[in-house]
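A.B. asks: this one's structure only:
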């Protein structure tokens, strides 16, 4: 069985690094950092964890294309991937809290 842990975004980068090391020692597959409107940058927040760990995957959940252009998502993911030696991951979604904050009305296509 593989287990992932999703962290709330109120942890400092140093705390995330410490939690990632602990999770890695217990065989957790991945640590995910939540991407909220009023929180630290999730990609930057994982850099210390990337440097402090060797096996655990590090990811950001959920980034909206309304919030960040897909090219910028790819750039941020590839940069984090360089820091962690190929262990970065990302969840992309278009809903959640970002639509109202950006003033976008959801529209069903079907």
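C.D. replies: Received, thanks. Keep in mind it's a predicted model, so treat the numbers as computed, not measured. Numbers count the residues shown, from 1 in each chain.

A.B. asks: surely residue 4 is in contact with residue 30?
C.D. replies: Yes - look at residue 4 against residue 30 with C-beta atoms under 8 Å: they come within range, at 4.2 Å. From N, CA and C alone the C-beta is placed, and that goes for glycine too.

A.B. asks: looks to me like residue 32 is in a strand.
C.D. replies: Yes - under DSSP: H, G, I helix; E, B strand; the rest coil, residue 32 falls within a strand.

A.B. asks: hmm, back to that, what sits in contact with each of residue 4 and residue 30?
C.D. replies: Taking C-beta atoms under 8 Å, 6 or more residues apart in numbering as the criterion, residue 4 and residue 30 both touch residue 57.

A.B. asks: which of the two has more neighbours?
C.D. replies: Using other C-beta atoms under 10 Å, the more surrounded residue of residue 4 and residue 30 is residue 30, with 20 against 15.

A.B. asks: quick one: contacts for the closest residue in space to that one that isn't next to it in sequence?
C.D. replies: Distance criterion C-beta to C-beta, 6 or more residues apart in numbering; nearest residue to residue 30, sequence neighbours excluded, is residue 57 at 3.7 Å. By C-beta under 8 Å, 6+ apart, the contact set of residue 57 is 4, 29, 30, 31, 87, 88, 89.

A.B. asks: tell me how far the residue nearest in space to the middle of the chain lies from residue 110.
C.D. replies: Nearest to the mean C-alpha position of the chain, by C-alpha atoms, centre = their mean, lies residue 60 at 1.2 Å. Separation of residue 60 from residue 110 (C-beta to C-beta, to the nearest Å) stands at 28 Å.
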